[in-house]
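Engineer: Mind folding the following:
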Amino acid sequence: MTDSDTATLAVVSRGTRRLAIPLHALNHEDSADVTTASSGSDPSVSRETRQPAAPDETPIATQTATAMRVLGHNGETFPRPSRRRIVTVANQKGGVGKTTTTVNIAAAMALHGLRVLVIDLDPQGNASTALGIDHHADIPSVYDLLIEGKSLGDVMVDVLEIPGLSCVPATIDLAGAEIELVSMVAREARLRRALAEVVADFDYVLIDCPPSLGLLTVNALVAGEEVLIPIQCEYYALEGLGQLLSNIDLVKSHLNPDLRVSTILLTMYDARTRLASQVADDVRLHFGTTVLRTVIPRSVRVSEAPSYGQTVMTYDPASPGALCYLDAAREIAERGAGGGSGSNTSTNTDTPSTGPAQGDSQ
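Structural biologist: Next comes the predicted model:
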């Protein structure tokens, strides 16, 4: 290459690299291509050579639009059921996402126009914490509802951050309730009688059960009409499922003939592992359309939210976890409005929806 060639170099940007090309190596058409690539006017060139996107396509704008949709500010409302639905969220296996599912489904429904009541039947009171409700020993709670015979209105608290959402908190007193219930008449139906006075304003009543098959869970199964079972996408979560279904059948046979498993939700799905995919496939093969298409991925944001007294719907509404719980709540609402309850016999081969990021670590 001569000195004159060196002095006449065309500089082409390519991502973070700058390529020096001798001008004599470029004909007229090539020069036009370089000009086009550097200006970003040709839509067929790679994104590395394009100019920045328009302001309405920036990541911040996209995240803002997503958050507005999750918070219900885009005008979307979920369909109302023809009558109040009482859903028991149960699984005796701990750590499968019962409480997380209860509070986030409830929040998503309330943010989109439905009236929802959450009953925290777990002595740990985690659902109360996630909804920002005080649940120390002196607070009227579900214990007073079951043992002391107080009315629902005396123990129900509105969630301030989410209009349309109310909660009956749980305190540590509930830990001794199972022993006290043993000697009571019609001990299995205490919660059902208390819920009989719920006004028709509520579209959904979600009951968060403890990780056991004791009298508290039996009360929830007798009071409910439907069971929502969260299943973690791991092998251990499947082991106790048979025992839970046997208990549901016993309650249905002797105490609540209207009880049915209406919904199964796959939680903590990690798309990076074959095990999660195998568990999801096995559950769908066995339970068919009872399983929601939406799958909840692992998400740090979902786990962080309760430490701030919030659900993920308000803590980080643009996160993948919030989007997936929004989709799951929409599915449940649409099934309820349409009278659909799923089926235990049909097989659903649709690809599960896990939102914008499967196995999310945020």
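Engineer: how is this structure carved up into domains?
Structural biologist: The chain resolves into domains spanning 3-50, 78-338 when parsed by automatic domain parsing.
Engineer: At which residues are the helices of the stretch 201-350 of the chain located?
Structural biologist: Ranges of helices within the stretch 201-350 of the chain are 215-223, 235-239, 241-254, 274-287, 300-304, 312-315, 320-338, based on DSSP state H, counting those that start in this stretch.
Engineer: Specify the beta-bridge partners of the closest residue in space to I296 that isn't next to it in sequence.
Structural biologist: The shortest distance from I296 to any non-neighbouring residue, by C-beta to C-beta, 6 or more residues apart in numbering, is to T267 (4.4 Å). All C-beta atoms are positioned from the backbone trio N, CA, C, and that covers glycine. T267 forms beta bridges with Q232, as assigned by DSSP bridges.
Engineer: How many residues are close by T267?
Structural biologist: 25 (other C-beta atoms under 10 Å).
Engineer: Turn the helices of the stretch 201-350 of the chain into JSON lines, columns for mean neighbour count, mean pLDDT and distance to A137.
Structural biologist: Putting those into JSON lines (neighbours: other C-beta atoms under 10 Å; pLDDT from 0 to 100; distance: least, C-beta to C-beta, whole Å) gives the following:
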{"stretch": "helix 215-223", "mean neighbour count": "24", "mean pLDDT": "94", "distance to A137": "18"}
{"stretch": "helix 235-239", "mean neighbour count": "14", "mean pLDDT": "81", "distance to A137": "33"}
{"stretch": "helix 241-254", "mean neighbour count": "14", "mean pLDDT": "91", "distance to A137": "31"}
{"stretch": "helix 274-287", "mean neighbour count": "16", "mean pLDDT": "92", "distance to A137": "40"}
{"stretch": "helix 300-304", "mean neighbour count": "18", "mean pLDDT": "92", "distance to A137": "27"}
{"stretch": "helix 312-315", "mean neighbour count": "25", "mean pLDDT": "93", "distance to A137": "27"}
{"stretch": "helix 320-338", "mean neighbour count": "23", "mean pLDDT": "93", "distance to A137": "31"}
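Engineer: want to throw those helices into CSV with distance to A90?
Structural biologist: As requested, the helices of the stretch 201-350 of the chain are arranged in CSV below (distance: least, C-beta to C-beta, whole Å):
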stretch, distance to A90
helix 215-223, 6
helix 235-239, 13
helix 241-254, 7
helix 274-287, 15
helix 300-304, 20
helix 312-315, 21
helix 320-338, 15
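Engineer: Quick one: closest of the ones you listed to D201.
Structural biologist: D201 lies closest to helix 320-338 among those, at 16.0 Å (C-beta to C-beta).
Engineer: same for that closest one, what does it pack against?
Structural biologist: The contact analysis (3 or more C-beta pairs under 8 Å, 6 or more residues apart in numbering; DSSP states H and E) places helix 320-338 against helix 59-70, helix 98-111, strand 260-269, strand 291-297, helix 300-304, helix 312-315.
Engineer: residue ranges with poor pLDDT in the stretch 101-250 of the chain?
Structural biologist: Residue ranges of the stretch 101-250 of the chain with pLDDT under 70: 199-200.
Engineer: any chance you could map the strands in it?
Structural biologist: Along the stretch 101-250 of the chain, the stretches classed as strands by DSSP state E, counting those that start in this stretch are 116-120, 157-158, 165-168, 204-208, 226-232.
Engineer: Out of those strands, indicate the one that is most buried.
Structural biologist: strand 116-120 (a mean of 28; mean count of other C-beta atoms under 10 Å).
Engineer: what's the burial count for V103?
Structural biologist: 32.
Engineer: Leaving out sequence neighbours, find the closest residue to it.
Structural biologist: Nearest non-adjacent residue to V103, counting by C-beta to C-beta, 6+ apart: A130, 4.3 Å away.
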